[in-house]
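Enquirer: pasting a predicted model and its sequence here:
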Amino acid sequence: MVAFTKRLGILLVTLPISLSSSFVPTRRTNVVVERRHPIFSTKTDNAIQTDADLSQMTVVALKDRLRQLNLPLSGRKDDLVKRLLDNSDQQPPQPDTQEPKQEEAARSSEKKEDDDSTIYNNLTVPALKERLRELGLSVGGRKADLIERLLESNDNTNTEHEDQVENEEEIDIEATVDDLIHLNLSSDDGNENSNDTDRSESSTRRAKRKKFWKTQEVRELIKQNDQSAIVKAEEMITQLERLAAETGDDEYLPGPIQYTTLIEAYSHGGTVDAAQRAEKVINRLLSSVDSKDANPTTQMLNAIIGAYASTGTESSAEQATAILEKMEYIKDFGDGTIKPSVHSFAMTINAWSNVGSETAAHNAEEILKRLLEDYDEALEQDTEYAKELKPNNVVFNSVIDAWARSGSNSAGEKAESILLRMEALSKIKIYDVRPDTITFNTCIKAWCNSGHPDAPLKAEGLLRKLETNPQYPKQRGGMLIVRPNRLSFNTVINSWAKSRKPKSAVYAENLLIRMIKSYQSDPFSTVKPDVITFSSVLNALAKSKATGFKAEKCKSVLNSMITLYEDDGSSDTKPNVICYNTVLNACAFSARGGPDERRKALSVAVETFNELRRGQFGLSPDAVSYGNMLKCCANLMPPGSYRTKMASQLFTSCCNDGLVGGMCLDEIRRCLPPREFMQLLAKCGCSKPLNQGRMAHSVQLSHLPRAFTKNVKAGDLKDRQRDSYAPKKSKNI
């Protein structure tokens with residue numbers, strides 16, 4: 001106390017007389033004080049200081065001095081003191097000039113701000129929001145707003161710090177007395193308590209930074225679907241546990257955020273093994289008696305359910321359901337810290353949806369019923385928990401999707417009944433459920449995949465209802481207007497393309513016409529046709545047996561596609577080689593028509609193939625193009641010199657382009673007599689089969705030079721031998 005009294009006396013002597021005479025300890029008064037203690041040292045940055053002077057400074061003050069000298073800030077207090085002493089030995093004292101110091105501080109501040117800005121720009125939005133939450137700041141706005149908010153926070157921190165290290169500033173007398181008391185006690189104990197506190201705070205900050213950046217590294221890998229995310233996540237947990245053991249600081253131990261990140265990495269692995277490893281982590285945390293271990297959370301268990309849901313097997317769906325039941329058990333008989341949310345139910349339903357069976361669809365619907373029952377119960381007993389259980393469109397749409405994937409004959413009826421239930425619930429305010437475009441599209445998909453004889457008609461019925469733009473009340477007022485989109489039409493068109501009904505191609509073509517009219521009449525239309533739309537209609541026309549002159553109709557659809565692409569230049573409507581091949585295929589299967597239809601079909605085939613050869617839209621023929629064109633020759637042209645000449649020219653070009661596939665080899669043998677075929681092979685540079693005395697029907701792709709097949713896709717390299725090519729064997733043999 002004697003030392004403290006002396007220090008307090010020195011402080012009071014340095015105060016102005018008018019203030020010292022009116023000093024009252026119980027009243028806080030802001031005054032200007034000339035600081036005499038080393039903490040408030042007025043020495044210049046380059047002044048030589050003793051070890052004793054620096055040892056009495058706090059870690060914060062030492063780091064301020066190091067920052068002014070552009071020296072590293074890492075290490076313990078002894079390291080900081082040694083770094084300052086080493087610097088004072090290397091540099092001679094220099095006169096104290098206030099203005100250069102201010103300019104240097106300004107430059108340092110600008111440089112730090114630029115560095116901070118660069119670091120923040122490299123972070124993702126979730127990382128920036130997490131940093132803002134740690135600082136207690138708002139997380140709303142765009143990425144630029146988040147970065148600006150963090151930079152402003154840094155500026156405020158720096159401003160407060162600069163106010164603390166000025167040579168003369170207003171301070172609180174009682175706070176100064178408290179500091180002196182603390183210094184007195186610290187000096188009596190050899191500054192051990194002060195140093196321990198500073199070290200503890202510094203260690204805590206280091207631990208938080210370490211955990212934050214390691215977690216961010218793993219999350220970036222998860223976001224990029226990097227397969228090394230699991231390894232990195234496991235390394236993160238191991239390293240943090242090792243650091244905690246080495247330093248004796250429990251702050252390094254992984255917490256809920258780190259374990260959740262580990263489980264999310266497992267969930268993105270997409271394998272049953274990864275999901276099982278995630279579940280082992282949860283089981284270890286649940287059974288752990290060590291209070292230092294992180295407690296499992298709902299988010300962790302949801303991540304495991306998501307891991308099982310992504311595998312798409314029945315056993316995985318059963319595991320996901322078991323975890324959901326475990327969460328319900330902990331809610332009812334545990335401490336209540338873990339409760340299943342609507343997200344838990346949605347992912348479990350999705351796990352069954354990915355299985356793709358009728359049983360799985362029934363199980364998904366049962367889980368939906370459990371959710372509705374739990375929600376009704378929570379409304380009566382726990383309104384706060386009811387908010388977390390509130391059913392939404394996601395869970396209903398997932399059940400509809402489960403039926404759409406089931407392949408059941410009753411899938412369409414089941415899906416549409418759920419749609420009608422959503423329409424009924426949309427009128428009840430306690431439910432946040434209403435059909436949307438996804439709901440209608442999934443119901444349409446369920447009908448199309450059901451195999452029901454009238455599936456296309458039922459699907460188009462839902463589409464027509466969707467075209468009326470039905471409206472449903474929103475939870476917060478207003479109406480939700482539901483409109484069809486491109487997928488709505490494409491799904492129905494594809495259903496007609498697969499249908500065996502006589503006029504299915506006509507229905508598909510009419511839907512395309514409706515889409516084009518809607519798109520051209522409404523600038524905000526969402527039903528603009530794309531490549532899939534046109535390809536489905538072309539496919540429906542090409543396979544139709546009841547459509548006359550289908551080659552010309554297919555060419556007309558292709559021309560409409562070209563016109564639409566040339567009008568807006570959108571890549572969505574840019575024709576591809578598949579569209580041209582479909583037209584050629586339609587021409588090849590026009591042989592059942594009369595002579596006039598066959599003649600026009602051949603003309604369309606030649607025109608279409610020549611457009612490909614000219615490289616229109618950057619396209620060129622592939623192995624299927626040549627095969628379809630040779631099929632046109634075989635089906636539409638009578639045997640003779642003209643067919644032989646045209647087929648020979650096509651095959652020669654095909655060999656030169658390296659596009660001889662199984663279909664091409666198959667069709668050229670239909671166009672030419674066996675002897676002429678063997679001679680054509682020799683003329684093209686493949687005389688080996690002829691010299692070996694092979695028969696025309698025995699020639700396979702493996703017998704041809706590699707140059708003939710070098711540009712053929714793997715799927716088109718299969719031999720497609722027709723039985724009619726081989727000589728018929730005698731029945732007596």
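Expert: Arrived safely, thanks for sending. Treat the numbers as computed from the prediction; the structure is a model and nothing was measured.
Enquirer: which strand or helix spans Asp401?
Expert: Asp401 belongs to helix 393-406 when assigned by DSSP states H and E.
Enquirer: helix or strand next in line after that helix, which one?
Expert: Following helix 393-406 in sequence order, the next helix or strand is helix 411-425 (DSSP H and E).
Enquirer: give me the angle between the helix or strand following that following helix and helix 393-406.
Expert: Counting by DSSP H and E, the next helix or strand C-terminal to helix 411-425 is helix 437-449. Relative orientation of helix 437-449 versus helix 393-406 (axes from the mean of the first three to the mean of the last three CA atoms, to 10 degrees): 10 degrees.
Enquirer: just to revisit the earlier point, which other helices and strands contact the helix holding Asp401?
Expert: Judged by 3 or more CB pairs under 8 Å, 6 or more residues apart in numbering; DSSP states H and E, helix 393-406 is in contact with helix 342-353, helix 358-381, helix 411-425, helix 437-449. (Each C-beta comes from the backbone N, C-alpha and C, glycine too.)
Enquirer: can you tell me the SS state at the nearest residue to Pro296 once chain neighbours are set aside?
Expert: With sequence-adjacent residues excluded and distances taken as CB to CB, 6 or more residues apart in numbering, Pro296 is closest to Leu285, at 4.8 Å. State at Leu285, reduced to three classes by DSSP: H, G, I helix; E, B strand; the rest coil: helix.
Enquirer: kindly tell me how buried Leu285 is, as a neighbour count.
Expert: 17 (other CB atoms under 10 Å).
Enquirer: likewise for Thr337?
Expert: Counted with other CB under 10 Å, Thr337 comes out at 11.
Enquirer: try Ile349
Expert: Around Ile349 there are 32 other residues, counting by other CB under 10 Å.
Enquirer: how far away is it from Tyr308?
Expert: 12 Å (CB to CB, to the nearest Å).
Enquirer: so where's the chain uncertain?
Expert: 1-52, 89-118, 122, 136, 154-203, 286, 288-294, 718-733 (pLDDT under 70).
Enquirer: center of it - which residue?
Expert: With distances taken as CA atoms, centre = their mean, Lys223 lies nearest the centre of the chain, 6.3 Å away.
Enquirer: ok, that one - contacts?
Expert: Lys223 makes contact with Thr124 under the criterion CB atoms under 8 Å, 6 or more residues apart in numbering.
Enquirer: and with 10 Å instead?
Expert: Going by CB atoms under 10 Å, 6 or more residues apart in numbering, Lys223 touches Thr124, Pro126, Ala229, His268.
Enquirer: ok, Thr491 next?
Expert: For Thr491, the contact set (CB under 10 Å, 6+ apart) comprises 404, 440-445, 447-449, 459, 462-463, 536.
Enquirer: go again using 6 Å as the cut-off
Expert: With CB atoms under 6 Å, 6 or more residues apart in numbering as the criterion, the residues that contact Thr491 are Ile444, Lys445, Cys448.
Enquirer: that one sits in which helix or strand?
Expert: Per DSSP H and E, Thr491 falls inside helix 486-498.
Enquirer: ok, back up a step: which one (most neighbours) among the contacts of Lys223?
Expert: Ranked by neighbour count (other CB under 10 Å), the contacts of Lys223 have Ala229 at the top, with 24 neighbours.
Enquirer: can you pull the contacts of it?
Expert: Residues near Ala229 by CB under 6 Å, 6+ apart: Val218, Leu221, Ile222, Ala265.
Enquirer: where's the spatially closest residue to Asp622 that is not a sequence neighbour relative to Leu602, distance?
Expert: Excluding the flanking residues, the one nearest Asp622 by CB to CB, 6+ apart is Val577, at 5.7 Å. As judged by CB to CB, Val577 and Leu602 stand 20 Å apart.
Enquirer: higher neighbour count, those two?
Expert: Leu602 (21 against 15).
Enquirer: please settle this for me: is that one part of a helix?
Expert: Yes. With three-state DSSP as the criterion, Leu602 is part of a helix.
Enquirer: tell me the SS of Pro340?
Expert: Pro340 ends up coil, using three-state DSSP.
Enquirer: how far away is it from Ile428?
Expert: 22 Å.
Enquirer: go on, Leu463?
Expert: Between Leu463 and Ile428 the computed distance is 27 Å (CB to CB).
Enquirer: next one: Gln679
Expert: Going from Gln679 to Ile428 by CB to CB gives 80 Å.
Enquirer: who's more crowded, the two?
Expert: The residue with more neighbours, out of Gln679 and Ile428, is Gln679; 15 against 10, by other CB under 10 Å.
Enquirer: check which helix or strand the more buried one maps to.
Expert: Using DSSP H and E, Gln679 maps to helix 674-683.
Enquirer: could you point out which element follows that helix?
Expert: helix 688-691.
Enquirer: pull the CA atoms of the one helix or strand Tyr580 maps to into PDB?
Expert: If you go by DSSP H and E, Tyr580 is part of helix 577-588. Output in PDB follows, covering the C-alpha atoms of helix 577-588 (Å, rounded to 0.1, in the frame of the first residue of the first chain):
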ATOM      1  CA  VAL A 577     -27.000 -32.300 -84.200                       C
ATOM      2  CA  ILE A 578     -29.600 -34.400 -82.400                       C
ATOM      3  CA  CYS A 579     -32.400 -32.300 -83.900                       C
ATOM      4  CA  TYR A 580     -31.000 -32.800 -87.400                       C
ATOM      5  CA  ASN A 581     -30.600 -36.500 -86.800                       C
ATOM      6  CA  THR A 582     -34.200 -36.800 -85.600                       C
ATOM      7  CA  VAL A 583     -35.400 -35.200 -88.900                       C
ATOM      8  CA  LEU A 584     -33.200 -37.600 -90.900                       C
ATOM      9  CA  ASN A 585     -34.700 -40.500 -88.800                       C
ATOM     10  CA  ALA A 586     -38.200 -39.300 -89.600                       C
ATOM     11  CA  CYS A 587     -37.300 -39.200 -93.300                       C
ATOM     12  CA  ALA A 588     -35.900 -42.800 -93.100                       C
END
